[in-house]
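Novice: Build the 3D model from these lines:
(one chain, ligands or ions: 2)
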Amino acid sequence: MTSDPSQNSELPSSRWFDPDSLRGFGHRSRLKGMGYDDEDFRGKPVVAILNTWSDLNTCHSHFPERVKEVKRGIWQMGGFPVEIPVMSLGEMMMKPTTMLYRNLLAMETEEVLRCHPIDAAVLMGGCDKTVPAMIMGAISANRPAIFLPAGPMLKARWKDQTLGSGSDAWKYWDERRAGNLCDESWGEIENCIARSAGTCMTMGTASTMAAIAESMGMTLPGASSVPAVIAEHSRLAVATGRRAVEMAKENLRPSDILNGASFDNAIVTSMAIGGSTNAIVHIIAMARRAGIPLTLERFDELSRTTPVLANVRPAGKFLMEDFFDAGGLRALLSELGSHIDRKCPTVNGATIGENIAGAEVIDPEIIRSVNNPVSQSGGTFVLQGNLAPSGCVVKPTAASPRLLNHTGPAVVFDNYGDLKAKLNDPEAGITADSVLILRNAGPQGGPGFPEWGMLPIPDHLLKQGVRDLVRISDARMSGTSYGTCILHVAPEAAVGGPLALVHTGDMIELNVEKRSLQLLVDDDELEKRRAAWKPAPARYTRGYGAMFLKYVTQADAGCDFDFLHHGADTPDPDIY
Ligand code: FES
Ligand code: MG
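Specialist: Ligands and ions are numbered 1, 2, ... in the order given. As a prediction, this is how the structure comes out:
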């Protein structure tokens, strides 16, 4: 170990701590005021731990312990750890939707890394949006950064049933509305369905995005599958801290790790795990930060050739803890063979191919082989048609096969309030053949692109035994959701997309095999309706919400702010 500042004058933090100047004196003296001395920090890589903990982020409640463990790893390698709290996006408590704030956390991550004496960062996230947000920010700041996933909760048990967060909440809520579940049972489920700290333990958005972070090379090997509260997760935290110090010394930055092939690996992984539809939006956003102009077409291409191998809810049967026990993501990536580009670099300095070498599938029922997949082609399909000129998505593995080719009359809800008010109104005339449409629920319309896309089934149909309908919206849906839900229709209704022009009773034709979504109304009539359409007044006229509405892009472009896409480098701060 060295405390000779001259040995690390290449570190960005040396600009703060080395100079024999009034400013250098100020920086050093204030660290000393915290009880540190030269031995602690002079000439050492400063590793920031960006922590998205809060008491209202239920998925990150173990982070205070993990921070101590990350620090232990940083000290072990002769680094100087500093914890920096950043915005905590907890899915359960934040309204109207965490998606409204993903870009705000991305901006905060980027700016925090640029304005402080930081040589490398450990990004601690997990709950859905924290993953893409922190990686987007780290890509733009282009500082050495390694992601530490929160890890999934342990699986839940109720009586003889294994429960998965999200997915089983929706399922049993439907049973309750159908009159099949008493108050006592419902209360028991509430008590047990969130078993521990950690993220949703289905293959929801959190588990999907963690797997994507690993497949892009942004985590240590195997990191994305480790349950949040087992000892191995603590050791992962320590190892991540250790590696961050080395990355600072090597100046191994996101631009050294991420390229077009790593984003292809991310897409293939999201398909092969039967991952959340939200991944599409986030992968595009991350890629565009890196200067890679990814479009929906690439998702469509790779979805056609990638088999779904993870038998995990909602597309399959098991939960993340089972997936971990079955060999975890390393085993799945290894099973994917040539679908994965093994040459891509990763944060540990090895290629992804080297990191997955020797990984073993312990249980082939949970991690399937390419010869015995959960389904032959990818988890999320991209559809096009006159109702979605810029595309929309569907997750056929979580849908009802009988509805994948369906023509039926539209029942239109103008916004979420309209849906709540009319869904159970007999006058709405909803039948098992209806195609439910929710509009003004997109990035601008929601606003913030909420997870309203799994429209509820009306009570009278639930009582008749109906559990799925074709549902179309410009919203997203939770990664733990399921059903024949067509999502992310772009352009959205709020900016005048064709979804705005649908009338109740219009026929809609869905053909997933042909990747097609058509509104069966002739062009002249649609032109008439378009001429009569007027945008709604903006929901936000001040503050962050107004900024969001001004700059957010549509779903097919990743819903980032347009001014945050890759561009000329932002200068480092001057230190006077
Ligand atoms: Fe945090 Fe699901 S609520 S991951
Ligand atoms: Mg979610």
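Novice: list the buried ones in the longest strand seen in the chain?
Specialist: Longest strand in the chain by number of residues, with DSSP state E as the criterion: strand 405-413. For strand 405-413, the neighbour count (16 or more other C-beta atoms under 10 Å) marks 406, 408, 409, 410, 411, 412, 413 as buried. Quick note: C-beta positions are derived from backbone N, CA and C, even for glycine.
Novice: TSV for the residues you listed, including distance to ligand 2 and pLDDT?
Specialist: Formatted as TSV, those follow (distance: C-beta to the ion, whole Å; pLDDT from 0 to 100):
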residue	distance to ligand 2	pLDDT
406	27	98
408	29	98
409	31	98
410	28	98
411	26	98
412	26	98
413	22	98
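Novice: Please report how far the residue of the stretch 451-576 of the chain found nearest ligand 2 lies from ligand 1.
Specialist: Residue nearest to ligand 2 within the stretch 451-576 of the chain: residue 478 (4.3 Å; C-beta to the ion). Noted for residue 478: a distance of 8 Å to ligand 1, by C-beta to the nearest ligand atom, to the nearest Å.
Novice: Hmm, residue 450 and that residue touching each other?
Specialist: No - the pair residue 478 / residue 450 is not scored as a contact, 10.0 Å apart, by C-beta atoms under 8 Å.
Novice: Could you report the neighbour count for residue 424?
Specialist: 14 (other C-beta atoms under 10 Å).
Novice: residues touching it, list them.
Specialist: 458, 459, 460 (C-beta atoms under 8 Å, 6 or more residues apart in numbering).
Novice: before we move on, back to that, which non-adjacent residue is nearest the residue of the stretch 451-576 of the chain closest to ligand 2?
Specialist: With C-beta to C-beta, 6 or more residues apart in numbering as the criterion, residue 478 has its nearest non-adjacent residue at 4.6 Å, and that residue is residue 451.
Novice: Can I take it that that neighbour is in a helix?
Specialist: No - residue state for residue 451 (DSSP: H, G, I helix; E, B strand; the rest coil) corresponds to coil; a helix is not indicated.
Novice: now the strand or helix carrying residue 207: how far from the chain's centre is it?
Specialist: For residue 207, the enclosing helix or strand under DSSP states H and E is helix 205-215. Remark: helix 205-215 is offset 7 Å from the chain centroid, using C-alpha atoms, centre = their mean, to the nearest Å.
Novice: With ligand 2 in mind, check whether it reaches it.
Specialist: Yes - under the criterion of C-beta under 5 Å from the ion, ligand 2 is reached by helix 205-215 at residue 205.
Novice: Alpha carbons only: can I get that helix in PDB?
Specialist: Provided in PDB are the C-alpha atoms of helix 205-215 (Å, rounded to 0.1, in the frame of the first residue of the first chain):
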ATOM      1  CA  THR A 205     -38.100  -6.100 -14.400                       C
ATOM      2  CA  ALA A 206     -35.600  -6.200 -11.500                       C
ATOM      3  CA  SER A 207     -34.400  -9.700 -12.200                       C
ATOM      4  CA  THR A 208     -34.500  -9.100 -15.900                       C
ATOM      5  CA  MET A 209     -32.400  -5.900 -15.700                       C
ATOM      6  CA  ALA A 210     -29.900  -7.500 -13.300                       C
ATOM      7  CA  ALA A 211     -29.400 -10.300 -15.800                       C
ATOM      8  CA  ILE A 212     -29.000  -7.800 -18.500                       C
ATOM      9  CA  ALA A 213     -26.400  -5.800 -16.500                       C
ATOM     10  CA  GLU A 214     -24.500  -9.000 -16.000                       C
ATOM     11  CA  SER A 215     -24.700 -10.100 -19.700                       C
END
